[in-house]
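**Student:** Provide a 3D model corresponding to the input given below.
(3 chains)
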Amino acid sequence: MSIYPKYIRVFKLGVQASMEYRLDFALSLISAFFPIMIQYYIWTAVYGRSGSGQFFGYTYGEMILYTIVAAIVTKIVTTNMDHVIASDIKDGALNKYLVQPANYFGLKLFTMLGQKLFFFTVMLAVLFLVIFYFGNRYAIHIPLENLVCFVAAMALSLILNFLISYTIAAIAFWLSEISYFFEMTGLLVIILSGGVFPIEVFGQTVSSLLNYLPFKYTIYFPSNVINGKLMSSEITEGLLMQIFWIGFMFLVSKLVWRIGFKKYLGLGG
Amino acid sequence: MKTRLGTLKTYGIIYLQFIKNCFIAQMEYRTNFILGIAVEIAYLLSKLLYVVVVYKSDLHIGDIPPDGILMFVGTYTMMTGLYSGLFFTNFVRISDYVRTGELDLLMVKPISLQFMVSLRYIDLGMPIPNLAAGITMVSIGWSALGIPVTAYHLFLFVLYLLSALVITYCLMIIPAILSFWFVNTGGLAGIFYAIWDANNMPMPIYPRLIQRIGVYVLPFLVITNFAPLSVMERLDGGLMLWGAIVPILLLVCVRLIWRKAIKNYSSASG
Amino acid sequence: MEEAIKVEQLAKSFTYYTKEVGVMNSLKNLINRKTLTKQAVKDITFSISKGEIVAFLGPNGAGKTTTLKMLSGILHPTGGSLSVLGFKPYERKKEFKKRFAIVMGQKSQLWPDLPAAESILLNRYIYQVEEQTYKRTLDELVELLDVKHVLNVQVRRLSLGERMKMELIAALIHKPELLFLDEPTIGLDVVTQKRVREFLAHYNEHYKTTIILTSHYMKDVEDLCKRTLIINDGRLVFDGSLNQVHGTVNQTKIVKLKFSQSVEAFRLEPYGAVRQTDEFTATLEIAKELINPISRELLGLFPIEDITIEERPIEEVIVSLYNRTQPV
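**Tutor:** Okay, the predicted model is just below:
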């Protein structure tokens, strides 16, 4: 019972920390604008030249909307938690969590949620403006239920992405040089999640392979919920898959962390 | 003249010493060295996705075919490699020098402080994947377009690469120099990296206004467009000249800002 | 004697901004920032001859390091004049930079991932030292400081003392005429401190190098420097030898008493300031000229088993000097 206030406290601390980095956040929004711009012109050139209305299974409007939404979703769901957690493991900060009743996983999850609350709200507002504007412009009609599903999908993808980071961060139990490592994994995860281009771009083989991995449910799926590409049955299926992957990754992370912890304690004593 | 050459020789010897130092230090930490390369490969992959899109959708920009676009992407990749190898580490450290006061010890050396601060560290691993991939792409594009391999064409290409290197130095050092005045310039640096990536595609893909700004105001677009454009003979006389003048102009500007920054440091810091 | 350094009415003030937290205040600051001025050094005048070893002493934030930084050209003074080896340091001329060196105990010019030999070699090229001279100087310094065996070891793996010795070698490789040392013995063990002091004394004697150091350790100053400049609150409050400090400022001595029977503290109060008492011991501070009569009186009045008379510890004297803001 008494552990819940603890989670609320770290949640609040997370919110405060995020408020301190408002300027960084604003600037990072500006820098997020450039890749969107580049891709916008690429797709405009691609679609402008060809008579056919579809590339990689997307119409022009869907593709532009995907590009914008995916960039924003990437900003929302990516956390630097793997860095933080890994350095906790490395510098021994994990020790103090071994004796605290509230467990480390919960603390980190709620810190992350607290940090994201502010961004999440701002970004959702930005996103809805974008959708409203482009929806009208490209005559894409987005039903209200898609919007609701999108918010749900985003929340789930935030948690799923956290679980992925949390699992990857456990590598710090085994690897001594970690600073570069997470930069690499982070980028690969974004690519595989469809944060750069929709995964159809990778070709038939790779994208069907990605169906058996959790990544596409963090960026690719929510982005397609909102650009109107998915049917409502596909959306429901996707949401269920997100829940499945959350459960699956939760178990995987537990397992990996248990093995890692054994090694950690073995070193300590 | 003789003393000029003498100074140049001194700096050359010191720069070789820098390279030697960096090599020894990086060999001490081989895992880091290899992981650095791995990270660059990951970035490279994300950039190569653009190439995939270009070929799969048979993208033509104006009358530049996919093979032509490949030359631009290749040049961009090479420049990214050079930037990460020669400048990146140094520029990241500048704000640390200011914050920790480590600059003090560099200021008393009888050698150009700007040289010491901005060129001290050379990363020998990180640029490998980008340079290799970049050179490959340029070569493929070059031969696919049937551009003759003459001394003149090679000279042009290398000349504009050198010009690009100087421009890169000047533009990317600006956020770092601003850290003499502002505590946190990470956000601005992030914006500069994002603009840098606009070079991933040939500039004719952008509207006229953006091209003008990118060539004349913040000459980012000069960096990777002029070398391939020149060998494709798509660069008119005026732009060719501009491509040669810009680096000099920028060097002068950066030099002035640098002086101002140091002046500010020695009168304002504690 | 020829002058190495001449400083007149040197002053340095910094401006800084107040910063309040909160969005509104940040906006307010953008438009109208409150500037505050801090005077780190106010009106300091002194001169130092070639070959002297001089210490700058003073509490943290007194202006020692700021003065040192102005002398080495890192900081630009805001007032007064200074001349070092005939140069104006803040012009930062190459010829000037080649003639001095600075070592800061808190900062390193050695690259931690490399053997010290590499960083020293780099300095050879930067200072353009002839190969023959370089070899001779290096051999000699390595010999004197006894670090030959660790010259090719990664600096990261060296002990603090070895690292400081390497810093000294890197700084002295171009045979500077003037050496600034900012807290050179900070964090070192007593033996190494002594070793470094001996080295500096020897080096000064041998090469007539002018040495200026700041330190917290009184021992550094007592052993090395015939002359001490005490700086407090940006002002020079004392210029002379430390022995003189005892003379001019130190007008009292410490008398320690040991009793065979318990003595009540208040009975001692008339004879001097009581610093410490318990039943069988007491420490009194007594004016120098009264020591003889008072101690005789005490011996007569109290059951004294043992009496010792000591000088006040130098640290304490300095502290009382720090509290002054006017020159002696």
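**Student:** The residue in the stretch 101-250 of chain A that chain B sits nearest to and chain C, how far apart?
**Tutor:** Going by C-beta to the nearest C-beta, chain B is nearest to A:Tyr180 of the stretch 101-250 of chain A, at 3.9 Å. All C-beta spots, glycine's among them, are computed from the backbone N, C-alpha and C. Distance, A:Tyr180 to chain C, by C-beta to the nearest C-beta, to the nearest Å: 16 Å.
**Student:** just how off-centre is the host helix or strand of that residue within its chain?
**Tutor:** Assessed by DSSP states H and E, A:Tyr180 sits inside helix A:179-192. Its chain's average C-alpha position is 13 Å from that of helix A:179-192, according to C-alpha atoms, centre = their mean, to the nearest Å.
**Student:** How about that helix, which residues are buried there?
**Tutor:** A:180-192 (16 or more other C-beta atoms under 10 Å in any protein chain shown).
**Student:** That helix packs against which elements?
**Tutor:** Where contact means 3 or more C-beta pairs under 8 Å, 6 or more residues apart in numbering or on different chains; DSSP states H and E, helix A:179-192 is packed against helix A:81-90, helix A:144-169, helix B:30-56.
**Student:** From chain B, how far off is A:Met37?
**Tutor:** Taken as C-beta to the nearest C-beta, the span from A:Met37 to chain B is 7 Å.
**Student:** which ones are touching that residue?
**Tutor:** By C-beta atoms under 8 Å, 6 or more residues apart in numbering or on different chains, the contact set of A:Met37 is B:Ala198.
**Student:** before we move on, back to that, mean neighbour count, distance to chain C and mean pLDDT for the helices and strands packed on helix A:179-192 - can I get that in CSV?
**Tutor:** Listed next are the helices and strands packed on helix A:179-192 as CSV, based on neighbours: other C-beta atoms under 10 Å in any protein chain shown; distance: least, C-beta to the nearest C-beta, whole Å; pLDDT from 0 to 100:
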stretch, mean neighbour count, distance to chain C, mean pLDDT
helix A:81-90, 20, 18, 80
helix A:144-169, 21, 26, 90
helix B:30-56, 18, 10, 89
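**Student:** can you redo those as JSON lines with distance to C:Leu75?
**Tutor:** Below are the helices and strands packed on helix A:179-192 laid out as JSON lines (distance: least, C-beta to C-beta, whole Å):
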{"stretch": "helix A:81-90", "distance to C:Leu75": "36"}
{"stretch": "helix A:144-169", "distance to C:Leu75": "45"}
{"stretch": "helix B:30-56", "distance to C:Leu75": "36"}
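**Student:** Would you map the strands across the chain?
**Tutor:** Picking chain A for this. For chain A, the strands defined by DSSP state E occupy A:54-55, A:58-59.
**Student:** My question was about chain C, not that one.
**Tutor:** C:3-17, C:35-49, C:53-57, C:79-84, C:100-104, C:178-182, C:210-214, C:227-232, C:235-240, C:252-259, C:273-277, C:281-287, C:304-311.
**Student:** With mean neighbour count and mean pLDDT added, can I get those strands in TSV?
**Tutor:** Listed next are those as TSV, based on neighbours: other C-beta atoms under 10 Å in any protein chain shown; pLDDT from 0 to 100:
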stretch	mean neighbour count	mean pLDDT
strand C:3-17	17	89
strand C:35-49	16	89
strand C:53-57	24	91
strand C:79-84	17	94
strand C:100-104	24	95
strand C:178-182	24	95
strand C:210-214	25	94
strand C:227-232	22	88
strand C:235-240	20	88
strand C:252-259	18	86
strand C:273-277	13	82
strand C:281-287	17	86
strand C:304-311	12	84
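**Student:** a markdown table please, covering the ones you listed and showing distance to chain A.
**Tutor:** Formatted as a markdown table, the strands of chain C follow (distance: least, C-beta to the nearest C-beta, whole Å):
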| stretch | distance to chain A |
| --- | --- |
| strand C:3-17 | 17 |
| strand C:35-49 | 22 |
| strand C:53-57 | 38 |
| strand C:79-84 | 37 |
| strand C:100-104 | 27 |
| strand C:178-182 | 30 |
| strand C:210-214 | 33 |
| strand C:227-232 | 38 |
| strand C:235-240 | 40 |
| strand C:252-259 | 47 |
| strand C:273-277 | 42 |
| strand C:281-287 | 45 |
| strand C:304-311 | 48 |
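**Student:** For A:Met154, find the nearest of the ones you listed.
**Tutor:** strand C:3-17 (40.7 Å; C-beta to C-beta).
**Student:** give me every residue that touches A:Phe56.
**Tutor:** A:63, A:198, A:200-201, B:56-57.
**Student:** Would you mind measuring from C:Thr281 to chain B?
**Tutor:** 46 Å.
**Student:** list the contacts for residue 176?
**Tutor:** By default, I'm working from chain A. By C-beta under 8 Å, 6+ apart, the neighbours of A:Ser176 are B:Thr31.
**Student:** that's the other chain; I wanted chain C
**Tutor:** Counted by C-beta under 8 Å, 6+ apart, C:Pro176 has contacts C:98-101, C:209.
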